[in-house]
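Asks: Next one to model:
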Amino acid sequence: MTAAFDSRVHAVVATIPSARLATYGQVADWIGAYGCARQVGWALRRLTLPSPIPWHRVVNARGRVAMSLSREGSDWMQRQMLIAEGIPVDDEGRLPLKRFLWTPEPQAIRGALALELPRPPDRMAESHG
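Replies: Okay, here's the model as predicted:
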């Protein structure tokens, strides 16, 4: 995936409110990358920590923090950050996804993506310039 893909993921994830969750698949769908949940995870993993992007609010579709040695401790960091926001997470990484799942208004997603997309050239200015 490209830097542009990562930028779109980060823009949308930045809109997830505190104490709310989204899934990797939701984020992929919101940016029009249907079926690219895994790539969303990689885009978030490439963030430098600490990050102003609330990456910790994105979990898998089973309602779990993806616990793995390959995450080099970020799984435990994610768990602690969610607990600090009032989302209960057990030692296995399970959490009540349905209770905290965020369903944004479509204009919120469009607005976040509009900030990240390059503006098309102004054809009128080019023809008169």
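
Asks: Let me see the ranges of the strands in this structure.
Replies: 22-23, 58-59 (DSSP state E).

Asks: Could you spell out the sheet neighbours of the last one, each with its direction?
Replies: Based on DSSP bridges, the strands next to strand 58-59 in the sheet, each with its direction, are strand 22-23 (parallel).

Asks: Tell me the gap between the strand it pairs with and the middle of its chain.
Replies: 7 Å (CA atoms, centre = their mean, to the nearest Å).

Asks: what residues does that strand touch?
Replies: For strand 22-23, the external contacting residues (CB atoms under 8 Å, 6 or more residues apart in numbering) are 13, 16, 37, 57-61, 97, 101-102. Using the backbone N, CA and C atoms, a C-beta is placed for each residue, glycine as well.

Asks: which of those residues count as buried?
Replies: Neighbour counting by 16 or more other CB atoms under 10 Å classes 13, 16, 37, 57-59, 97 among these as buried.

Asks: which one of the residues you listed is nearest residue 25?
Replies: Nearest to residue 25 among the buried ones among the contacts of strand 22-23, counting by CB to CB, is residue 37 at 4.1 Å.
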